[in-house]
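Asks: Okay, sequence plus prediction incoming.
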Amino acid sequence: MKILSIQSAVAYGHVGNSAAVFPLQRIGVEVLPVYTVNFSNHTGYGAWRGPLISPDDVAAVITGIEERGVFPQVDVVLSGYQGGEGIADVILDAVARVKAANPDAIYACDPVMGNAKSGCFVAPAIPVLLRDRVVPAADLVTPNQFELGYLTGTEPDTLESTLESVDLVRASGPRTVLVTSVERPDREEGTIEMLAVDDAGAWIAQTPLLPMKANGSGDVTAALFTAHYRRTGDAADALARTASSVFDLLTRTHESGERELQLVESQEAYAHPRMQFGVRQVR
């Protein structure tokens, strides 16, 4: 499997492609990483150095990859955080060209906007752009529950309302949806859930909620679920594998006391997930 991954990159720590590439490689995926920024570290530190890469330069890298004749072998185009408005056009153009070369390829979009605790942390134009142009062009999307609400103009909280919001997203284009950070009022205390929905049904996985915030964990989640799902077409299995791997990554990170994901140290959790969490079909 080959994934063209158009995301940010950092030298120190693990977000964007610097979070997604290694776990994908560890499960046997060939990744073609294209950087949209090349920062010293993620912006959560409040200080960082390095360039935003212009949309023209990102497009030039993608064209160079195309000129190597590799597009017919690309199975997935994956995108995450979009720093500026211009990058969406580059991504959508790349998706169109990959799909022209390989009609079986899919576009997986992680529509990064923010979360329930922090609110939106992207430029004001980005959520509108994602909702109106990018998400409708995707085959698979991986919003958190907060982002799902924005995309649909709803406030999902219960399982029923979250499924209704997912159906609104699916009606706009993408047939497969993974909702992360699902927090239902009636869930077991100290837990958090992920919900996967496609044409075959809907499944939920529940894991313990760890008392931490880990930048980049959503990028790992989107990458692993996308790869597993593209490989098998089985949303329940992809959900189980992803929940297992990400929980063990977060547990190791929490236990380390470090701020950054213990991405390399947790590599066995991607290659051989323990499958310790049951997946329940809810539709």
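Replies: Now that the structure is in, tell me what you want to look at.

Asks: My read is that residue 111 contacts residue 151, right?
Replies: Yes - contact criterion CB atoms under 8 Å: residue 111 and residue 151 qualify, at 6.5 Å. All C-beta atoms are positioned from the backbone trio N, CA, C, and that covers glycine.

Asks: Return every residue with contacts to both of the two.
Replies: 130-131, 135, 143 (CB atoms under 8 Å, 6 or more residues apart in numbering).

Asks: just to revisit the earlier point, more neighbours: which of residue 111 and residue 151?
Replies: The neighbour count for residue 111 versus residue 151, taken as other CB atoms under 10 Å, is higher for residue 111 (28 against 24).

Asks: Need phi/psi at that one.
Replies: With angles defined as degrees, to the nearest 10, residue 111 sits at phi -80, psi 70.

Asks: Quick one: residues contacting the closest residue in space to it that isn't next to it in sequence.
Replies: Nearest residue to residue 111 in three dimensions, chain neighbours excluded: residue 130, at 4.5 Å (CB to CB, 6 or more residues apart in numbering). By CB under 8 Å, 6+ apart, the residues touching residue 130 are 82, 88, 109, 111, 113, 151.

Asks: Please repeat the previous calculation with a cut-off of 10 Å.
Replies: Residue 130 makes contacts with 79, 82, 88, 109-113, 122, 136, 138, 141, 143, 147, 150-151, as judged by CB atoms under 10 Å, 6 or more residues apart in numbering.

Asks: same check, this time on residue 75
Replies: Counting by CB under 10 Å, 6+ apart, residue 75 makes contact with 1-4, 29-30, 98, 102, 104-106, 226-227, 230-231.

Asks: Can you list phi and psi of it for me?
Replies: According to degrees, to the nearest 10, residue 75 has phi -90, psi -30.

Asks: how close does it get to residue 18?
Replies: Residue 75 sits 22 Å away from residue 18, going by CB to CB, to the nearest Å.

Asks: where's the closest residue to residue 44 other than its chain neighbours relative to residue 182, distance?
Replies: Leaving out its chain neighbours, the residue that sits closest to residue 44 by CB to CB, 6+ apart is residue 215, at 5.3 Å. To residue 182, residue 215 is 20 Å away according to CB to CB.

Asks: With residue 246 instead?
Replies: Taking CB to CB as the criterion, residue 246 is separated from residue 182 by 14 Å.

Asks: so what sits against both of the two?
Replies: Going by CB under 10 Å, 6+ apart, residues that sit against residue 246 and also against residue 182 are residue 194.

Asks: rewinding a little: among the shared contacts of residue 111 and residue 151, give me the pair with the biggest separation.
Replies: Using CB to CB, the shared contacts of residue 111 and residue 151 reach their maximum pairwise distance at 131 and 143, which is 10.3 Å.

Asks: And the two? Which one has more around it.
Replies: residue 143 (29 against 19).

Asks: which phi and psi does the more buried one have?
Replies: phi -80, psi 160.

Asks: just use 534 as the starting number from now, easier for me
Replies: Fine by me, first position is 534 from now on; the one you just mentioned is residue 676.

Asks: Which residue, other than its chain neighbours, is closest to it?
Replies: Closest to residue 676 by CB to CB, 6+ apart is residue 644, at 5.2 Å.

Asks: Can you spell out which helices and strands pack onto the worst-scoring helix or strand of the chain on mean pLDDT?
Replies: Least confident helix or strand, the chain: strand 652-653 with a mean of 72, by mean pLDDT, DSSP states H and E. Judged by 3 or more CB pairs under 10 Å, 6 or more residues apart in numbering; DSSP states H and E, strand 652-653 is in contact with helix 678-685.

Asks: which strands and helices sit next to the helix it packs on?
Replies: strand 647-648, strand 652-653, helix 658-662, strand 673-674, helix 692-705, strand 709-715, strand 724-731.

Asks: mean pLDDT lowest for which of these?
Replies: Among the helices and strands packed on helix 678-685, strand 652-653 has the lowest mean pLDDT, at a mean of 72.

Asks: Parallel or antiparallel, list what pairs with it.
Replies: strand 647-648 (antiparallel) (DSSP bridges).

Asks: and the partner strand, how far out from the chain's middle?
Replies: Strand 647-648 sits 13 Å away from the centroid of its parent chain (CA atoms, centre = their mean, to the nearest Å).

Asks: Outside of it itself, list whatever touches it.
Replies: In contact with strand 647-648 (CB under 10 Å, 6+ apart) are residues 653-655, 659-660, 677-680, 683, 713-714, 746, 751.
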